[in-house]
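# The sequence isn't on hand, but the structure is:
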């Protein structure tokens, strides 16, 4: 079993992927540290998927628990220009694992 598979098992014990994505949306952007918007005094970002085959992702498939917080503008740039617009793919993988670990640690 890979480290990621072990993290997935722990994450599933804590909650659902939907709950994780909601939690991610309340975190500041992993790129700028900002929020996209404020709703009732609470900052919000978008839960942006990081897709890697080892994370259970692929063309047309988003893996579980593989999101990072981005502002709306950053998320659009991720889609329009690719992840390399901001950082190399290894950085994105590290960020996805960082937020998964934070979620698990609750």
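Yes, it's here. What you are looking at is a predicted structure, and each value in this text was computed from that prediction instead of being measured.
# and the helix or strand where residue 90 lies, what other elements does it pack with?
Using DSSP states H and E, residue 90 sits in helix 89-105. Where contact means 3 or more C-beta pairs under 8 Å, 6 or more residues apart in numbering; DSSP states H and E, helix 89-105 is packed against helix 3-14, helix 17-25, strand 67-70. Quick note: C-beta positions are derived from backbone N, CA and C, even for glycine.
# What are the contacting residues of the second one?
By that I understand helix 17-25. 11, 44-47, 64-65, 67-69, 99-100, 103 (C-beta atoms under 8 Å, 6 or more residues apart in numbering).
# taking the mean pLDDT, what do you get for stretch 31-45?
Averaging pLDDT along stretch 31-45 yields 96.
# in it, what's buried?
Within stretch 31-45, the residues scored as buried using 16 or more other C-beta atoms under 10 Å are 31, 35, 36, 43, 44, 45.
# do stretch 89-106 as well
Across stretch 89-106, burial judged by 16+ other C-beta under 10 Å covers 92, 93, 95, 96, 97, 99, 100, 103, 104.
# just stretch 62-82 next, same as before
For stretch 62-82, by 16+ other C-beta under 10 Å, it's 63-71, 74-75, 77-78.
# so which pair among those is furthest apart in space?
Within those, two members stand farthest from each other by C-beta to C-beta: 64 and 77, at 24.3 Å.
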